[in-house]
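Asker: Output the structure for:
(one chain, ligands or ions: 1)
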Amino acid sequence: MPSISASTLAATLLRQEILDLHAYHVPDSSGYIKLDAMENPYLVPDQLRGEIAQLVAGAALNRYPDPAAASLKARIHEVAGLPDGVNVLLGNGSDELIQLLAMAVNKPGAVMLSVEPSFVMYRMIATFVGMRYVGVPLLSNPGVANSGAEEFSLDMVAILAAIRRERPALIFLSYPNNPTGNLFPADDVAQIIEASPGLVVVDEAYHAFASGSFAARLLQYPNLLVMRTFSKLGMAGLRLGFLAGSAAWLEQLEKLRLPYNVGVLPQLVAEKLLEHHGMLLQQAEQIKLDRAKLYQQLSLIPAVQVYTSEANFLLFRVANATAIFSGLKQRGVLIKNLNGAHPMLKDCLRVTVGTPEENGRFMAALLESLCHG
Ligand code: PMP
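Answerer: Prediction:
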């Protein structure tokens, strides 16, 4: 072995774009009211926990998981209300599915396209797999921020031009969009699918909190896939997401899935929790009610511009966002600071809707931070 340091060796061996990347930063949240990661604030009810404990105790942990996960997939098909003829592919979180899709279509020169600002993993994963990424800016119109109507909407002229110019192999549209929270007009999304020569993935991570879905149109468009995750529905710790689409696509993509990507415990526990899908949806309904209350409270603060959201978080703009973010943190509340993440997100913060109590603590800490820094 040469007598050079590991860091010098890493710098010579690693691809330049990996060296240039900033790792996806997950802050230490212990001790904080955690409203930074769009998690569901509710734990599984006690009785169900007992059932889960029993299932876990009896699980064959010495065996590899069922690679086909047939019963879990059947349950997902049912609770997600997918049309007959639509198949499901499971991922270790939907992040893994984004990576799988990028790897699958990444022929030399292939392009991934999305809008900006949107979910940062689209761009990051394009970089991981060495795929060219094109981000089309959303419309920015700070003048009408409080109405939430115009800012962060799709720039259809620019998107359609980019599709013609770049002929992207893969388009991701976060529906609703993270981190802005808005649901793009369905007609615009349909127009993008129709204009696209490549695959369009409608990422419905926040489906449980939104008023629209493209699942019913899956068989209408040969280039459409719908992606969802159970992370926002109380199962972030399990890591489970899925792609829904025609067999023609999913049978091919299945070849790239690592055989045991969803472990024994996530399969067992998710299936049990999905037997109680109604309870999970009730929690989502509660979160939607609390989102409306939080929106209302934030919109009453003159120093705050809050945006309408169809997800389980709210984006808001405030002068000196980074100082306000720190003020909240000092007061024990962790949210997401987006200032600096994208020029359009200058002075923007994103708060996940928590329990009513957590939301109250957040509002109190925000008001104090606005008054006292
Ligand atoms: N898509 C979007 C739009 C997201 O916001 C997230 C998580 N923040 C994901 C996908 C990934 O979710 P997971 O990997 O937890 O399934």
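Asker: Return the distance of Glu358 relative to the ligand.
Answerer: 19 Å (CB to the nearest ligand atom, to the nearest Å). (Each C-beta comes from the backbone N, C-alpha and C, glycine too.)
Asker: Could you find the closest non-adjacent residue to the residue most central in space within the chain?
Answerer: Residue closest to the average C-alpha location in the chain (CA atoms, centre = their mean): Ala205, at 4.9 Å. Computed as CB to CB, 6 or more residues apart in numbering, the closest residue to Ala205 that is not its neighbour in sequence is Thr229, at 4.9 Å.
Asker: Can you report how many residues neighbour the residue of the stretch 51-200 of the chain found nearest the ligand?
Answerer: Going by CB to the nearest ligand atom, the ligand is nearest to Gly93 of the stretch 51-200 of the chain, at 2.9 Å. Using other CB atoms under 10 Å, Gly93 is surrounded by 22 other residues.
Asker: tell me the pLDDT at the residue nearest to it when sequence neighbours are not counted?
Answerer: Distance criterion CB to CB, 6+ apart; nearest residue to Gly93, sequence neighbours excluded, is Arg239 at 4.3 Å. Arg239 is assigned a predicted lDDT (pLDDT) of 97.
Asker: now for the helix or strand encompassing Ser114, which elements pack on it?
Answerer: Using DSSP states H and E, Ser114 falls within strand 111-116. Contacts defined by 3 or more CB pairs under 8 Å, 6 or more residues apart in numbering; DSSP states H and E place strand 111-116 against helix 120-129, strand 132-137, helix 156-166, strand 170-174.
Asker: same thing but 6 Å
Answerer: Contacts defined by 3 or more CB pairs under 6 Å, 6 or more residues apart in numbering; DSSP states H and E place strand 111-116 against strand 132-137, strand 170-174.
Asker: For the residue nearest to Ala110 when sequence neighbours are not counted, give me its contacts.
Answerer: Residue nearest to Ala110 in three dimensions, not counting chain neighbours: Ala169, with 4.2 Å by CB to CB, 6+ apart. Shown in contact with Ala169 (CB atoms under 6 Å, 6 or more residues apart in numbering): 105, 110, 198.
Asker: and Leu100, which of the three is it?
Answerer: Here Leu100 is recorded as helix under DSSP: H, G, I helix; E, B strand; the rest coil.
Asker: Quick one: check stretch 239-248 for contact with the ligand.
Answerer: Yes - applying CB under 6 Å from any ligand atom, one finds stretch 239-248 touching the ligand at Gly241.
Asker: Report the buried residues of that stretch.
Answerer: Buried residues in stretch 239-248, counted by 16 or more other CB atoms under 10 Å: 239-246.
Asker: Between the two ends of that stretch, how far is it?
Answerer: Stretch 239-248 has an end-to-end distance of 26 Å (CA to CA, to the nearest Å).
Asker: ok so, going back, for the residue nearest to Ala205, grab the count of nearby residues.
Answerer: 24.
Asker: my read: it touches Ser94, true?
Answerer: Yes - using CB atoms under 6 Å, Thr229 makes contact with Ser94 at a distance of 4.2 Å.
Asker: what touches both of these two?
Answerer: With CB under 6 Å, 6+ apart, Thr229 and Ser94 have common neighbours Gly241.
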